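Enquirer: please find the sequence and the predicted model below.
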2 protein chains.
Amino acid sequence: MQSFQEMSREELLQEKQELEAAYQKYAHSGLKLDMSRGKPSVEQLNLSMGMMDVLNSGTDLECEDGTDCRNYGVLDGIHEAKVLLGDMIECHPDNIIIYGNSSLNVMYDAISRSMTHGVMGSTPWCKLDKVKFLCPVPGYDRHFAITEYFGIDMVNVPMLATGPDMDIVEDLVSSDPAVKGIWCVPKYSNPQGITYSAETVRRFARLKPAAEDFRIYWDNAYGVHHLYDLDQDHLVEILAECKRVGNPDLVYKFCSTSKISFPGSGVAAIATSKHNLVDIKKQLQIQTIGHDKVNQLRHVRFFKDIYGMTVHMKKHADILRPKFEMINDTLERELAGRDAGTWIAPKGGYFMAFEAMEGCAKAIVAKAKEAGVTMTPAGAPYPYGKDPKDATIRIAPSYPTLEELETATEIFVICVKLVTIEKLLENS
Amino acid sequence: MQSFQEMSREELLQEKQELEAAYQKYAHSGLKLDMSRGKPSVEQLNLSMGMMDVLNSGTDLECEDGTDCRNYGVLDGIHEAKVLLGDMIECHPDNIIIYGNSSLNVMYDAISRSMTHGVMGSTPWCKLDKVKFLCPVPGYDRHFAITEYFGIDMVNVPMLATGPDMDIVEDLVSSDPAVKGIWCVPKYSNPQGITYSAETVRRFARLKPAAEDFRIYWDNAYGVHHLYDLDQDHLVEILAECKRVGNPDLVYKFCSTSKISFPGSGVAAIATSKHNLVDIKKQLQIQTIGHDKVNQLRHVRFFKDIYGMTVHMKKHADILRPKFEMINDTLERELAGRDAGTWIAPKGGYFMAFEAMEGCAKAIVAKAKEAGVTMTPAGAPYPYGKDPKDATIRIAPSYPTLEELETATEIFVICVKLVTIEKLLENS
């Protein structure tokens, strides 16, 4: 199809008129569609209802080692939960601490602990003049919210098709001792759905940080969230790679079952080296009596093992795949060759990112909103909510039904075209 | 009975010989009894097994307001859980935030937040040269562990029969702006089982702190943990009292269901003023995606309401009461009038404190240990583990069976007598 950029002013005005007619059809129809949040749909939640049956008053609530999950004890998680989550994120159970619901809380704790107590004996960050974090962009707004809350300076690093631009990462990490961390969603990244290439992971593992207390904050949120059984992205396991190259303490790896079982009642974990674990456990034993062990046991009894989880995740994929494919197909059909934006068709995760023409994202999101389609606010995938190009729009296909999503995507595409044309007319 | 202090050296030697014979009976019998931790017994845990049945795959997991507890959303707890816990701690549901398992974690968060972000806009404590907490002693070791972990200076305040010595509290709080908090277990205190008198609570509510960011850390851990239905201690509700005297923001109130349902899978909460809640929620929205809502719902469906909880707590009392009474009776029978120590018979909670003759606590605990009875380490109820008089021994009657507890108490009494006599002989 013809690129908007190559069209004459008359052609653009003609196209605009047609699009406006199409837009008006929706603008006052009272639609309420939501593509803003990575929430599982009700259909997906129903997949885990069996979890409510595995424990009952006739079940014993004992671990394999005899621990009574109902009582106090076992600060860092029951062993069988460590095995299950270890298999899930390809780590040895001994490298894991299990927490409560929400891996975000585990990440928050990691930063908060570093602020007040430093990292493995380093100066507490609250005693330093300046602390910086690298933020591959676009990225996850809630990561950036944590670092902003603690007054940590955020430095944008562009995402490439292979992950963060490692030339920039290596340069900043090795030269600036104020750089204490980098936020990563290495697999099916939020929002682009990019999986870091093997070379990217290897370069991460080989970083030579200027700061002894630099850590990679590796949020492996979508490690088992594939859309396809065979056509999966592969991520090199970073803890093992770090160990192999003599950098064992470089990474904190985070994960949770939020989008596997229930976001409202899941289990989260951190995986890291023995030295880091010792450091974290010093805090943990002061911080809590212990996280919910019964829910850990419930997850183990429901999934049984990693094979059970794989089978379960295929059911999620069967629900999510048609949604992702429909969006990609629609974008292809309507926008391919028109120079109105780019996107990647991810093979897993929860999001897509639409990269609009510069200066158009806010206007597209606003226009969609007027027609009843809520998108993630433009700018959200950037630190401080500031997208320097005003271009990235996050698309979250999971929550609406396929039918709702079709309508929402149709409206979205109209908005993209309209705003792009308006911008071109304005500049012409 | 005759006081040891009034006995002659010969009488003491004679008594010592008899006690040593009795002690030897146990010393090599391979006994393993544990009076060290406030853990509910298996019998108590079984009381809550019905909680495993209230939710199953046929149950809807929706709140009264339509919230799907399985999904994301509702950061500060589901409304019906706020109502239940509100009734439990005599607060309005709107004054409550519900957390995950472990109220200790909520307290840790409160201190950690104050370190990094201050209190309602005050200077973050990590930027101050000196931060102090008042610690009524004897008290709860895990409170003191939190303040120690954050490098906060701890100042002992003696406990009286009415609660902390308020003359000292008022003086320190009003004169020293470095004093930012006080740890309180106001009802059936850990370890003495003392409930603060109405006058004490009223004086707390009327404090005029030198520091704007001073807060009372009111750990109402045993609010509904009565041993008797009618003969209950009464605690004036401090949030309302603070409001009445124009000091609404003075208190953080903590509670949990740890010793009501399961310590390994409970629900915790903070209750405080609107202003404090706004302050805390600024952190909460950054800190977590949300705590486990399904477990909140499970608690509500199981207890139904505060009456259900009252009925449930009577069953706990039926199990605990004979244990507390047996210990008190044994101590009365064996030690009354002998000047070998003092104690209070509490009307609720989980602990008793035995106040031994000065300089005897460590030796008694060690001697009991040798005979197979584990007590809480002497010193534990004091900041830095240092009991200036080496006198307080915490007794935790809940976990062993009544039969085991009888043996343990018998051994304990022998050890108290032996060590007291040894001390007297030494000093004579």
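Expert: Arrived safely, thanks for sending.
Enquirer: given the lengthiest strand in chain A, what are its sheet partners and their directions?
Expert: When chain A is parsed with DSSP state E, its longest strand is strand A:153-160. Applying DSSP bridges to the sheet, strand A:153-160 is found paired with strand A:132-137 (parallel), strand A:163-164 (antiparallel).
Enquirer: give me the residues contacting stretch A:141-155.
Expert: Stretch A:141-155 is contacted by residues A:104, A:107-108, A:111-112, A:115, A:125, A:130-135, A:172, A:178-181, A:183, A:185, A:217, A:219, A:376, A:380-385, B:116-117, B:283, B:286-287, B:289 when judged by C-beta atoms under 8 Å, 6 or more residues apart in numbering or on different chains. Quick note: C-beta positions are derived from backbone N, CA and C, even for glycine.
Enquirer: pLDDT on the helix or strand where residue A:426 lies, on average?
Expert: Using DSSP states H and E, residue A:426 sits in helix A:402-427. For helix A:402-427, mean pLDDT rounds to 96.
Enquirer: next, the buried residues of it.
Expert: By neighbour count on 16 or more other C-beta atoms under 10 Å in any protein chain shown, the buried set for helix A:402-427 is A:404-424.
Enquirer: so how far is it from its chain's centroid?
Expert: Centre-to-centre, helix A:402-427 and its host chain are 25 Å apart (C-alpha atoms, centre = their mean, to the nearest Å).
Enquirer: name the nearest residue to residue A:241, ignoring sequence neighbours.
Expert: Nearest non-adjacent residue to residue A:241, counting by C-beta to C-beta, 6 or more residues apart in numbering or on different chains: residue A:205, 4.1 Å away.
Enquirer: now do the contacts for the one you found.
Expert: A:238, A:241, A:242, A:244, A:245, A:247, A:250, A:251.
Enquirer: test my guess that the second one contacts residue A:199.
Expert: No - using C-beta atoms under 8 Å, residue A:241 and residue A:199 do not qualify as a contacting pair, with a distance of 11.3 Å.
Enquirer: those two: which is more packed in?
Expert: Set residue A:241 next to residue A:199 and count neighbours by other C-beta atoms under 10 Å in any protein chain shown: residue A:241 wins out with 18 against 12.
Enquirer: separation between that one and chain B?
Expert: 29 Å (C-beta to the nearest C-beta, to the nearest Å).
Enquirer: helix or strand: which one has that residue?
Expert: Per DSSP H and E: residue A:241 is located in helix A:238-244.
Enquirer: list every C-alpha atom in that helix, with coordinates, as CSV.
Expert: Taking C-alpha atoms only, helix A:238-244 is exported to CSV below (Å, rounded to 0.1, in the frame of the first residue of the first chain):
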residue,chain,number,x,y,z
ILE,A,238,22.0,-15.5,32.9
LEU,A,239,22.8,-16.8,36.4
ALA,A,240,24.7,-19.8,35.0
GLU,A,241,26.4,-17.6,32.3
CYS,A,242,27.5,-15.2,35.0
LYS,A,243,28.9,-18.1,37.0
ARG,A,244,30.8,-19.4,34.0
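Enquirer: so in that sheet, which strands flank whichever helix or strand comes after that helix, and in what orientation?
Expert: Reading on from helix A:238-244 to the C-terminus, the next helix or strand found by DSSP H and E is strand A:251-256. With DSSP bridges as the test, strand A:251-256 is paired with strand A:215-219 (parallel), strand A:268-271 (antiparallel).
Enquirer: what's near enough to touch the closest residue to chain B within the stretch 301-428 of chain A?
Expert: Taking C-beta to the nearest C-beta as the measure, the stretch 301-428 of chain A has residue A:399 as its residue closest to chain B, at 8.8 Å. By C-beta under 8 Å, 6+ apart, the contact list for residue A:399 reads A:34, A:35, A:37, A:39, A:40, A:41.
Enquirer: within reach of chain B, which of the residues you listed are there?
Expert: The overlap between these and the neighbours of chain B (C-beta under 8 Å from any C-beta of the partner chain) comes to A:37, A:39, A:40.
Enquirer: just checking, the last one touches residue A:259?
Expert: So that's residue A:40. Yes - with contact defined as C-beta under 8 Å, residue A:40 reaches residue A:259; the gap is 5.8 Å.
Enquirer: around chain B, pick out the residues from the stretch 51-200 of chain A.
Expert: Contacts of the stretch 51-200 of chain A with chain B, taken as C-beta under 8 Å from any C-beta, map to A:52-53, A:55-57, A:59, A:61, A:68-73, A:100-102, A:104-105, A:108, A:112, A:115-117, A:124, A:126-127, A:142, A:145-146, A:149-150.
Enquirer: which of the residues you listed are buried? Put it as a PyMOL command.
Expert: To isolate the buried ones among those in PyMOL, judged by 16+ other C-beta under 10 Å, type:
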select buried, chain A and resi 52+53+55+61+68+69+70+71+72+73+100+101+102+104+105+108+112+115+116+117+124+126+142+145+146+149+150
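Enquirer: the closest residue in space to residue A:7 that isn't next to it in sequence: neighbour count?
Expert: Once flanking residues are discounted, residue A:7 sits nearest to residue A:15: 7.1 Å by C-beta to C-beta, 6+ apart. Residue A:15: 18 surrounding residues under other C-beta under 10 Å.
Enquirer: do residue A:383 as well
Expert: As a burial measure, residue A:383 scores 23 neighbours (other C-beta under 10 Å).
Enquirer: got the phi/psi numbers for the nearest residue to residue A:229 once chain neighbours are set aside?
Expert: Leaving out its chain neighbours, the residue that sits closest to residue A:229 by C-beta to C-beta, 6+ apart is residue A:314, at 6.5 Å. Backbone torsions for residue A:314, taken as degrees, to the nearest 10, come to phi -70, psi -30.
Enquirer: the stretch 201-350 of chain A: helices as residue ranges?
Expert: Remark: helices assigned in the stretch 201-350 of chain A by DSSP state H, counting those that start in this stretch are A:238-244, A:274-287, A:293-303, A:306-335.
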